[in-house]
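Enquirer: Structure for this input, please:
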Amino acid sequence: MSTNPPPSAHINEDIPQNEGSKLKTFISILRKFIGVADLAAVRFSLPSQLLEPTPNLEYWNYLDNPSAFAAIGTSDEPLDRMLEVLRFWFTKDLKYVKGKPCKPYNSCLGEFFRCNWEAEDNAPRIDTKNLSASSSGNASSSSSVKSSKNNGGDPKGASTVSVLQTAATPTGPTVRISYLTEQTSHHPPVSAFYVSCPEKGLHARGFDQISAKFTGTAIKVSPGEHNLGIFITLEKRDNETYQLKHPAAHLGGILRGALSVSVGDTAYVTCPKTKLKAILHYIEDGWLGRAQNKVEGVIFKYDPEKDDKIRIKDVPDSDVVARLGGAWKDRVVFTLGPKPVDSHPPEKQITIIDLNPLTVAPKAIPPKEKQAENESLTLWDGVTQAILSKQFSKATNVKIELEEKQRQKAREREQKNETWKPVFFDQVTDKRGTPDLTEKGRQVLDRAQRGDWNLEGII
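Expert: This next block holds a predicted model:
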């Protein structure tokens with residue numbers, strides 16, 4: 001593959017552009033790539049005015065609401081733990097619900113990012129046995145499931161186990177979650193990530209890689225071949241592991257001048273140990289093309305050795321343990337048993353997630369003096385500062401200079417017949433989709449858990 005920089009639009013970058021002008025420029029660039037199989041593999045360079053001043057590795061994480069992640073594995077019941085995983089799933093892309101999509105910087109080989117979250121440890125407990133008993137009149141409703149009277153009398157859901165959000169700065173008990181990601185491959189662009197929450201006995205890992213194609217009116221974004229999803233392991237549950245496979249999504253609204261993310265595909269969550277599987281069907285368009293962002297789902301018993309159910313309608317009622325429904329940008333509910341969600345009265349439809357009161361959680365990042373040269377925020381700082389001060393020509397020049405340094409390093413490795421190896425992860429990619437940390441990677445996360453950002457003695 002050629003290492004020459006791809007074409008960009010010819011614009012006077014020192015003249016500020018409004019959002020409409022930016023989109024026109026964006027479209028003019030995209031039109032050059034109609035028919036290209038994978039835009040992500042081409043890694044075309046956008047003018048600085050069109051970039052969000054955010055490194056790619058900082059942008060692509062799934063902890064938009066870390067409280068939902070910290071609550072996974074709380075319950076003793078397999079169904080409840082699957083619901084805890086799904087509650088996290090619906091919060092992982094909160095950035096698209098609360099803000100507009102953006103194009104961050106392309107990552108450089110060997111670039112890395114790390115941060116902590118101080119997550120509120122206040123998610124309501126999911127207790128479907130108690131819910132089932134109360135439905136049949138054999139027990140009172142669980143105290144951990146909030147009634148509508150305690151939830152502002154909301155008519156859309158009689159009870160909820162949605163994650164809470166009390167304040168921008170948590171005042172109650174918190175749990176620390178640490179995150180480390182590294183760009184492990186340049187062609188194709190792949191990064192490995194690891195999420196650690198030792199206090200809860202939780203970790204998640206995977207490879208991030210996307211495939212993108214411009215259709216003429218929208219950009220279709222799909223998981224790349226090395227992206228097998230998010231793998232969440234419950235260490236205190238005999239290393240019970242859940243694989244969360246991403247659906248394809250569309251970046252639309254390009255011609256209208258209002259970018260938005262929609263999903264019209266199917267996602268899967270499987271747990272071979274508990275033999276439970278979830279199928280989530282996202283419905284992209286509603287009546288007359290109006291996006292409704294609907295999602296419907298089913299949780300059912302499956303055979304890991306014969307995992308052949310890929311559509312909700314393929315699942316026999318006898319295997320169904322719960323169903324889900326709602327809008328993934330708004331509110332999702334679940335009901336117990338095989339009957340459709342809409343056949344249950346409102347008081348039996350439990351709100352698993354209400355995104356409306358939630359906002360993207362802030363990160364705790366290393367102070368500048370503790371960051372390495374190839375750490376995302378330091379590596380791209382010159383570009384970021386130029387963009388923020390609206391010196392777009394300078395930002396482009398700094399970006400080009402940085403990218404050329406990376407190409408030079410690649411040429412030097414090729415001349416020396418050297419193979420590049422990641423620092424914090426053991427492999428560039430693997431067929432299992434589950435990268436392991438190197439000893440250096442473990443040291444970085446262990447220190448981060450102690451609030452120690454020092455890299456001395458590690459790199």
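Enquirer: When you work out contacts or count neighbours from here on, use the C-alpha atoms and nothing else.
Expert: OK.
Enquirer: So what does the closest residue to Leu276 other than its chain neighbours look like in phi/psi?
Expert: Counting by Cα to Cα, 6 or more residues apart in numbering, the nearest residue to Leu276 once its immediate chain neighbours are dropped is Lys301, at 4.8 Å. Main-chain torsions, Lys301, degrees, to the nearest 10: phi -80, psi 130.
Enquirer: Okay, now the unreliable bits of the stretch 301-450 of the chain?
Expert: Across the stretch 301-450 of the chain, nothing is flagged by pLDDT under 70.
Enquirer: now the residue nearest to Leu276: how far from Pro316?
Expert: Going from Lys301 to Pro316 by Cα to Cα, to the nearest Å gives 10 Å.
Enquirer: how many neighbours does the residue nearest to Leu276 have?
Expert: Neighbours of Lys301 under the rule other Cα atoms under 10 Å: 17.
Enquirer: need the contact list for it.
Expert: Contacts for Lys301 (Cα atoms under 8 Å, 6 or more residues apart in numbering) come out as Lys275, Leu276, Lys277, Asp319, Val320, Val321.
Enquirer: Report the buried members of the residues you listed.
Expert: Leu276, Lys277, Val320, Val321 (16 or more other Cα atoms under 10 Å).
Enquirer: And the last one, how close does it get to Lys313?
Expert: When Cα to Cα is the yardstick, Val321 and Lys313 sit 14 Å from each other.
Enquirer: and if you look at Leu379?
Expert: 49 Å.
Enquirer: Of the two, give the one with the bigger neighbour count.
Expert: More crowded of Leu379 and Lys313, by other Cα under 10 Å: Leu379, with 19 against 9.
Enquirer: Would you confirm that the more buried one contacts Gln371?
Expert: No. The criterion here is Cα atoms under 8 Å, and Leu379 misses it with Gln371 at 9.4 Å.
Enquirer: Measure how buried Glu418 is and give me the count.
Expert: Neighbours around Glu418, by other Cα under 10 Å: 10.
Enquirer: For it, what are phi and psi?
Expert: As for Glu418, its main-chain torsions (degrees, to the nearest 10) stand at phi -100, psi 140.
Enquirer: Counting neighbours, what do you get for Ala395?
Expert: Neighbours around Ala395, by other Cα under 10 Å: 25.
Enquirer: tell me the contacts of it?
Expert: By Cα under 8 Å, 6+ apart, the neighbours of Ala395 are Ser48, Gly382, Val383, Thr384, Gln385, Ala386, Ile387.
Enquirer: Pro362 - nearest residue in space that isn't next to it in sequence?
Expert: Distances taken as Cα to Cα, 6+ apart place Trp117 nearest to Pro362, at 7.2 Å, with adjacent residues excluded.
Enquirer: Make sure the one you found is indeed in a strand.
Expert: Yes. Judged by DSSP: H, G, I helix; E, B strand; the rest coil, Trp117 forms part of a strand.
Enquirer: beta partners for it?
Expert: Per DSSP bridges, the residues bridged to Trp117 are Ile177.
Enquirer: Distance of it relative to Val444?
Expert: In this structure, Trp117 lies at 15 Å from Val444, with Cα to Cα as the measure.
Enquirer: Ok, Ser159 next?
Expert: From Ser159 over to Val444 the distance is 41 Å, taken as Cα to Cα.
Enquirer: neighbour count winner among these two?
Expert: Neighbour totals were compared for Ser159 and Val444, and Ser159 leads with 26 against 23 (other Cα under 10 Å).
Enquirer: Contact partners for Leu280?
Expert: Thr266, Ala267, Tyr268, Val295, Glu296, Gly297, Val298, Ile312.
Enquirer: so what's the residue nearest the centre of the chain up against?
Expert: Taking Cα atoms, centre = their mean, the centroid of the chain lies closest to Tyr62, which sits 3.2 Å from it. Going by Cα under 8 Å, 6+ apart, Tyr62 touches Lys92, Asp93.
Enquirer: One more pass at 6 Å, please.
Expert: Lys92 (Cα atoms under 6 Å, 6 or more residues apart in numbering).
Enquirer: Which ones among the contacts of Leu280 map onto strands?
Expert: Among those, DSSP state E puts Thr266, Ala267, Tyr268, Val295, Glu296, Gly297, Val298 in strands.
Enquirer: Can you get me a residue count around the first one?
Expert: For Thr266, the count of nearby residues is 21 (other Cα under 10 Å).
Enquirer: Ok, the last one next?
Expert: Applying the criterion other Cα under 10 Å, we find 26 residues in the vicinity of Val298.
Enquirer: Which residue is the nearest non-sequential neighbour of it?
Expert: Arg323 (4.4 Å).
Enquirer: from memory the one you found sits against Phe334, does it?
Expert: Yes. Between Arg323 and Phe334 there is a contact at 5.5 Å, judged by Cα atoms under 6 Å.
Enquirer: Tell me the secondary structure at Glu369.
Expert: Applying three-state DSSP: Glu369 is helix.
Enquirer: my read is Leu131 is in a strand, agree?
Expert: No. Leu131 is assigned helix when assessed by three-state DSSP, not a strand.
Enquirer: and it, how many neighbours?
Expert: Neighbour count of Leu131, defined by other Cα under 10 Å: 21.
Enquirer: What segments of the stretch 201-350 of the chain are strands?
Expert: 202-208, 210-214, 219-223, 230-234, 240-245, 249-252, 260-263, 266-271, 276-285, 291-301, 320-327, 331-336, 350-354 (DSSP state E, counting those that start in this stretch).
Enquirer: correction: the stretch 51-200 of the chain
Expert: With strands called from DSSP E, counting those that start in this stretch, the stretch 51-200 of the chain shows them at 112-120, 146-147, 159-160, 174-185, 190-197.
Enquirer: Mind telling me which of the ones you listed the model trusts least?
Expert: Looking at these, the lowest mean pLDDT belongs to strand 146-147 (a mean of 44).
Enquirer: Low-confidence stretches in the stretch 1-150 of the chain?
Expert: Looking along the stretch 1-150 of the chain with the criterion set at pLDDT under 70, you get 1-24, 26-37, 40-45, 132-150.
Enquirer: Helices along that one, start to end?
Expert: 19-30, 39-42, 56-59, 66-70, 78-89, 94-98, 128-135 (DSSP state H, counting those that start in this stretch).
Enquirer: before we move on, the earlier item: can you list the strands of the stretch 51-200 of the chain in a markdown table and add distance to Ala71?
Expert: Formatted as a markdown table, the strands of the stretch 51-200 of the chain follow (distance: least, Cα to Cα, whole Å):
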| stretch | distance to Ala71 |
| --- | --- |
| strand 112-120 | 10 |
| strand 146-147 | 16 |
| strand 159-160 | 15 |
| strand 174-185 | 10 |
| strand 190-197 | 11 |
